[in-house]
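Undergrad: return a 3D structure for these sequence lines:
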Amino acid sequence: MWRDTPEYLGELLIWEIEDYLTAQTAKPERARVAFIRLADEWAAASIGAELETGGSFYAAAKRADSLGMTTPGDMFGVVTRDEHPEIFKAVPGTTFPPAPDGDGYVIIRLVAFEP
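TA: Numbers count the residues shown, from 1 in each chain. Okay, the predicted model is just below:
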(Lines give C-alpha, C1' and ligand atoms only; values in the text may rest on other atoms or scores of the structure.)
Protein backbone atom coordinates (compact mmCIF):
# COMPACT_ATOMS: atom_id res chain seq x y z
CA MET A 1 0.00 0.00 0.00
CA TRP A 2 2.75 2.49 0.86
CA ARG A 3 4.30 2.15 -2.59
CA ASP A 4 1.05 3.32 -4.21
CA THR A 5 0.68 6.37 -1.94
CA PRO A 6 2.87 8.77 -4.00
CA GLU A 7 1.05 7.75 -7.18
CA TYR A 8 -2.33 8.27 -5.50
CA LEU A 9 -1.28 11.65 -4.10
CA GLY A 10 -0.05 12.66 -7.56
CA GLU A 11 -3.42 11.75 -9.08
CA LEU A 12 -5.23 13.62 -6.29
CA LEU A 13 -3.16 16.73 -7.00
CA ILE A 14 -3.96 16.49 -10.71
CA TRP A 15 -7.69 16.24 -9.92
CA GLU A 16 -7.47 19.31 -7.68
CA ILE A 17 -5.62 21.26 -10.38
CA GLU A 18 -8.22 20.23 -12.98
CA ASP A 19 -11.06 21.33 -10.67
CA TYR A 20 -9.34 24.67 -10.06
CA LEU A 21 -8.78 25.29 -13.78
CA THR A 22 -12.37 24.34 -14.59
CA ALA A 23 -13.62 26.81 -11.97
CA GLN A 24 -11.40 29.54 -13.43
CA THR A 25 -12.59 29.02 -17.01
CA ALA A 26 -16.28 28.40 -16.30
CA LYS A 27 -18.42 31.52 -16.43
CA PRO A 28 -21.16 31.12 -13.83
CA GLU A 29 -24.47 32.78 -14.54
CA ARG A 30 -25.80 32.70 -10.97
CA ALA A 31 -24.37 33.70 -7.61
CA ARG A 32 -25.53 33.23 -4.04
CA VAL A 33 -25.48 36.50 -2.11
CA ALA A 34 -26.45 38.01 1.22
CA PHE A 35 -28.29 41.32 1.43
CA ILE A 36 -28.57 44.09 3.98
CA ARG A 37 -31.62 46.09 2.87
CA LEU A 38 -31.57 49.58 4.39
CA ALA A 39 -34.35 52.12 4.67
CA ASP A 40 -32.50 55.34 3.89
CA GLU A 41 -29.25 57.02 2.91
CA TRP A 42 -28.20 57.65 6.51
CA ALA A 43 -28.57 53.95 7.40
CA ALA A 44 -26.65 52.97 4.25
CA ALA A 45 -23.82 55.38 5.09
CA SER A 46 -23.68 54.21 8.71
CA ILE A 47 -23.60 50.49 7.97
CA GLY A 48 -21.36 51.02 4.93
CA ALA A 49 -18.82 52.85 7.11
CA GLU A 50 -18.91 50.04 9.67
CA LEU A 51 -18.16 47.49 6.95
CA GLU A 52 -15.37 49.61 5.43
CA THR A 53 -13.53 49.57 8.75
CA GLY A 54 -13.55 45.76 8.76
CA GLY A 55 -16.78 45.05 10.59
CA SER A 56 -18.51 41.71 10.18
CA PHE A 57 -21.21 41.66 7.51
CA TYR A 58 -23.53 39.54 9.62
CA ALA A 59 -22.95 41.56 12.79
CA ALA A 60 -23.68 44.75 10.82
CA ALA A 61 -26.88 43.21 9.44
CA LYS A 62 -28.00 42.22 12.93
CA ARG A 63 -27.20 45.67 14.32
CA ALA A 64 -29.04 47.40 11.46
CA ASP A 65 -32.09 45.22 12.05
CA SER A 66 -32.07 45.78 15.82
CA LEU A 67 -31.91 49.56 15.28
CA GLY A 68 -34.83 49.52 12.82
CA MET A 69 -32.66 50.54 9.85
CA THR A 70 -33.66 47.63 7.59
CA THR A 71 -36.52 47.08 5.21
CA PRO A 72 -38.39 43.80 4.71
CA GLY A 73 -36.83 41.23 2.41
CA ASP A 74 -34.87 38.02 2.38
CA MET A 75 -31.31 38.16 3.65
CA PHE A 76 -30.09 35.47 1.25
CA GLY A 77 -30.81 35.07 -2.42
CA VAL A 78 -29.53 34.28 -5.87
CA VAL A 79 -28.70 36.88 -8.50
CA THR A 80 -27.88 36.47 -12.17
CA ARG A 81 -25.16 37.95 -14.31
CA ASP A 82 -27.80 40.07 -16.10
CA GLU A 83 -29.06 41.56 -12.81
CA HIS A 84 -25.67 42.35 -11.24
CA PRO A 85 -22.77 41.95 -13.69
CA GLU A 86 -20.35 43.62 -11.24
CA ILE A 87 -20.71 40.70 -8.82
CA PHE A 88 -19.25 38.30 -11.37
CA LYS A 89 -15.99 40.25 -11.50
CA ALA A 90 -15.43 39.73 -7.75
CA VAL A 91 -14.37 36.84 -5.55
CA PRO A 92 -16.56 35.19 -2.92
CA GLY A 93 -16.42 37.14 0.32
CA THR A 94 -16.51 40.53 -1.42
CA THR A 95 -18.89 43.08 0.10
CA PHE A 96 -20.13 45.80 -2.23
CA PRO A 97 -20.81 49.38 -1.10
CA PRO A 98 -24.39 50.54 -0.56
CA ALA A 99 -26.37 51.05 -3.75
CA PRO A 100 -29.84 52.50 -4.35
CA ASP A 101 -32.54 49.83 -4.47
CA GLY A 102 -36.14 50.89 -4.90
CA ASP A 103 -37.01 53.31 -2.08
CA GLY A 104 -33.97 52.33 0.01
CA TYR A 105 -30.46 50.98 -0.32
CA VAL A 106 -28.89 47.55 -0.42
CA ILE A 107 -25.46 46.21 0.54
CA ILE A 108 -24.61 42.92 -1.17
CA ARG A 109 -22.04 40.30 -0.11
CA LEU A 110 -21.00 37.63 -2.59
CA VAL A 111 -21.23 34.25 -0.88
CA ALA A 112 -20.50 31.82 -3.74
CA PHE A 113 -20.96 31.19 -7.42
CA GLU A 114 -23.35 28.47 -8.53
CA PRO A 115 -22.11 26.02 -11.17
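Undergrad: in the lengthiest strand in the chain, what counts as buried?
TA: What stands out as the longest strand in the chain, according to DSSP state E, is strand 104-114. Across strand 104-114, burial judged by 16 or more other CB atoms under 10 Å covers Gly104, Tyr105, Val106, Ile107, Ile108, Arg109, Leu110, Val111, Phe113. The way it works is simple: take the backbone N, C-alpha and C, and place the C-beta from them, glycine included.
Undergrad: which residues touch that strand?
TA: 28-41, 43-44, 47-48, 51, 57, 60, 71, 76, 78-79, 84, 87-88, 90-99 (CB atoms under 8 Å, 6 or more residues apart in numbering).
Undergrad: beta partners for the closest residue to His84 other than its chain neighbours?
TA: Among residues not flanking His84 along the chain, Ile108 sits closest, at 7.1 Å (CB to CB, 6 or more residues apart in numbering). Under the criterion DSSP bridges, Ile108 forms beta bridges with Phe35.
Undergrad: how close does Ile108 get to Thr53?
TA: For Ile108, the distance to Thr53 equals 18 Å [CB to CB, to the nearest Å].
Undergrad: in ChimeraX, select just the buried ones from the contacts of strand 104-114.
TA: One line in ChimeraX is enough to select the buried ones among the contacts of strand 104-114; burial here means 16+ other CB under 10 Å:
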select :31,33,34,35,36,37,38,43,44,47,48,51,57,60,71,79,84,87,88,90,95,96,98
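Undergrad: among the contacts of strand 104-114, which ones are in helices?
TA: Glu41, Ala43, Ala44, Ile47, Gly48, Leu51, Phe57, Ala60 (DSSP state H).
Undergrad: which of those residues sits closest to Leu67?
TA: Ala43 (8.1 Å; CB to CB).
Undergrad: which pLDDT value belongs to the closest one?
TA: Here the pLDDT value assigned to Ala43 is 96.
Undergrad: and what of Ile14?
TA: pLDDT for Ile14: 69.
Undergrad: and the nearest residue to Pro28 once chain neighbours are set aside, how far from Ala31?
TA: Nearest residue to Pro28, sequence neighbours excluded (CB to CB, 6+ apart): Phe113, at 4.0 Å. Per CB to CB, Phe113 is found 5 Å from Ala31.
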